[in-house]
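**Q** Okay, structure incoming, though there's no sequence with it:
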């Protein structure tokens, strides 16, 4: 039963491409440049052929590679022909596109079934499967915006965003320097260090901790980002005010998590330290801080995102004429949507790198923790 | 916990900390407002006593840091003394923000649950979508808020929906991640038991996975509702200050109405605390209705 059910993507893809053959051509009649017969032939051969072959009981690895190559080559041919034909795609065009998407889905499900022994191949699979998904988001975005002729202002195609990104690297780099290297990093380091220091203080004085913890828990649920206009008023338009917002935003998650982490060491281990006659600071540095590391890194990860958000939003309230938030708010005012998307892509990249660095630090520091060992 | 212990270990420390914060606030207000007040006095050729000077720093119309009682008076005035429909009423602005928060939060929760159900049941979705959901947590999503507002405004979609969309975007991540964890929380031995009962996938889902995921759902909903409030507030920033707590902040920043900014902040904080409390209470009620033991909740 499950063997019969499994290739439903292939069957559906086959049906869709046959339907597309029946409703040719691929472009509306008013399109300036038509598909050549040769091109159309190769697109259909690739898609229908891949769908047919994938119905055969062949090895999963072979099938998935074949599907990958055929589906993406066929899609590539279709999208390449869209140049000059924006907005003139016919229903048949989208039927073939949907067929190719289904084939890619089938390819991913086949890849999921593959059992590999070597660690390298497993890591490769771990990378390839989400990469295909991400690529298809871009492909569908590109094909839909250009095929349907969606106005540039509403949603520019990814290729245009990429072109704009490459063309304005110096501007984007200056924005990153202003927002990330000045405001975010300074604020992040100071905010996290302050949260950590206060947590240690709260750990030493029980009364202080009991009073502070409910207040801090409440504060970390509040929309702290609202202090941005106040900070801009106090510290001026330059990066100092953004760093102040980042400090306030990162302080409370760090405080709450560190206090929770310092409670994480078990009473057995604490008793052991006691039997070694270790004093407070020895117990702290040798037992309780290492035990708290997963919690502290959790806060560092949360804060890496919060810091970037805080700095960008604070720039909406006033900046010198450089910075990521400034660029987003001014370019949207001038309806340069592709520039805004380019800036967002850069922000995403910076955010991922930031997060990745913290995650690497976590791997290096908490290699003993079960959540890292099991991988 | 005995009543005396509750007072000694909870109420007294919190009270002391809150009083300390207010005291620091007053001292800060004095020192931050003093230079400007000194300047004013010198220009007006007034020499005031220490007490008079202190009073003046606490009653400027546009202070650098308003004193707590000024903010409290402003909040009280704009909450209780104005008509609810008035443009200056904080209740009105809080209501505007609350409505888009609620719509966005509901949409985001539903979307998050659906995605989680898909991820738990379709393996291809798990391996291809899950890494992206986690990756998107690292992206400063709020940065697209102004663009969503302006672009949707360009095609004549204005008002509540664009802001709600931003809230949806912010709130579906925590729910999706928490629900995946929750739906997977039944242990192997429990899944095996369902198998020995010859339960179908649907039966296992409704009778085992869903009940097991409820505590996780409410925990992540608490995070999500706070996030959607932030989304709604930031979404109000680029709308040209029409209504809502975000626009109140922006208007205050434009006209240097610091007391108004602080009052709007307080209103937002009260709203956040209320929303989180409501979700927490609902979680506790559902838990009790389902007959859960009090200890069975994740932190």
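**A** Yep, it's here. What you see is a predicted model; the values in this text were computed from it and never measured.
**Q** domain ranges for the chain?
**A** Just so you know, I chose chain A. As assigned by automatic domain parsing, chain A contains the domains A:2-150, A:166-373.
**Q** Chain B was what I was after
**A** Chain B breaks down by automatic domain parsing into domains covering B:3-65, B:90-289.
**Q** Chain B contacts on the stretch 51-200 of chain A?
**A** Counting by C-beta under 8 Å from any C-beta of the partner chain, the stretch 51-200 of chain A comes close to chain B at A:105, A:108-109, A:112, A:126, A:129-130, A:132-134, A:153-155. For the C-beta atoms, the positions are set from N, CA and C on the backbone; glycine is no exception.
**Q** Buried subset of the residues you listed, written for ChimeraX?
**A** Applying 16 or more other C-beta atoms under 10 Å in any protein chain shown to those leaves a buried subset, and the ChimeraX line that selects it is:
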select /A:105,108,109,112,129,130,132,133
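**Q** would a markdown table of the residues of the stretch 51-200 of chain A next to chain B with pLDDT and secondary structure be doable?
**A** As requested, those are arranged in a markdown table below (pLDDT from 0 to 100; DSSP: H, G, I helix; E, B strand; the rest coil):
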| residue | pLDDT | secondary structure |
| --- | --- | --- |
| A:105 | 83 | helix |
| A:108 | 82 | helix |
| A:109 | 82 | helix |
| A:112 | 79 | helix |
| A:126 | 80 | helix |
| A:129 | 83 | helix |
| A:130 | 83 | helix |
| A:132 | 86 | helix |
| A:133 | 85 | helix |
| A:134 | 86 | helix |
| A:153 | 78 | coil |
| A:154 | 79 | coil |
| A:155 | 82 | coil |
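**Q** From the residues of the stretch 51-200 of chain A next to chain B, pick the one nearest residue A:118.
**A** Closest approach to residue A:118 among those (C-beta to C-beta): residue A:126, at 12.6 Å.
**Q** Quick check, the residue in the stretch 151-299 of chain B closest to chain A?
**A** residue B:253 (3.5 Å; C-beta to the nearest C-beta).
**Q** Wait, that residue touches residue A:233, no?
**A** Yes: Residue B:253 is in contact with residue A:233 according to C-beta atoms under 8 Å; the separation is 7.1 Å.
**Q** any weak-confidence spans in the chain?
**A** Went with chain A since none was named. A:1-6, A:26, A:28-34, A:370-375 (pLDDT under 70).
**Q** I was after chain B.
**A** B:1-2, B:137-138, B:141, B:238-241, B:292-299.
**Q** how far away is the residue nearest the centre of it from residue B:233?
**A** The geometric centre of chain B, computed from its C-alpha atoms, lies nearest to residue B:226 (C-alpha atoms, centre = their mean), at 2.9 Å. As defined by C-beta to C-beta, to the nearest Å, residue B:226 lies at a distance of 11 Å from residue B:233.
**Q** Now do the shared contacts for the two.
**A** residue A:223 (C-beta atoms under 8 Å, 6 or more residues apart in numbering or on different chains).
**Q** how about the strands in chain B?
**A** Counting by DSSP state E, chain B forms no strands at all.
**Q** Centre of it to the edge, which residue is at the far end?
**A** Computed with C-alpha atoms, centre = their mean, the most peripheral residue in chain B is residue B:45, at 47.3 Å.
**Q** follow-up on the earlier one: leaving aside the residues adjacent along the chain, what's closest to the residue nearest to the centre of chain B?
**A** Nearest non-adjacent residue to residue B:226, counting by C-beta to C-beta, 6 or more residues apart in numbering or on different chains: residue A:221, 4.7 Å away.
**Q** Can you tell me which residues in the stretch 151-299 of chain B are near chain A?
**A** B:151, B:154-155, B:222, B:226, B:229-230, B:233-234, B:237-238, B:245, B:249-250, B:252-253, B:256, B:258, B:261-262, B:264-265, B:268-269, B:272-273, B:276, B:299.
**Q** Mind giving me the ChimeraX command for buried ones among these?
**A** Under the burial definition 16+ other C-beta under 10 Å, those of those that qualify are selected in ChimeraX by:
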select /B:151,222,226,229,230,233,234,237,238,245,249,250,252,253,258,261,262,264,265,268,269,272,276
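**Q** Give me the subset of the residues of the stretch 151-299 of chain B next to chain A lying in helices.
**A** When DSSP state H is applied, these are split such that B:151, B:154, B:222, B:226, B:229-230, B:233-234, B:245, B:249-250, B:252-253, B:258, B:261-262, B:264-265, B:268-269, B:272-273, B:276 fall in helices.
**Q** ok, back up a step: farthest pair within the residues of the stretch 51-200 of chain A next to chain B?
**A** Most distant of those, by C-beta to C-beta, are A:112 and A:153, 39.1 Å apart.
**Q** returning to that earlier point: next one: the residue farthest from the centre of chain B from residue B:168, what distance?
**A** According to C-beta to C-beta, residue B:45 and residue B:168 sit 59 Å apart.
**Q** now swap in residue A:343 and tell me
**A** 22 Å.
**Q** my read: the residue nearest to residue B:226 touches residue B:276, true?
**A** Yes: counting by C-beta under 8 Å, residue A:221 touches residue B:276, with 5.2 Å between them.
**Q** what residues do those two have in common as contacts?
**A** With C-beta under 8 Å, 6+ apart as the test, residue A:221 and residue B:276 both reach B:222, B:226.
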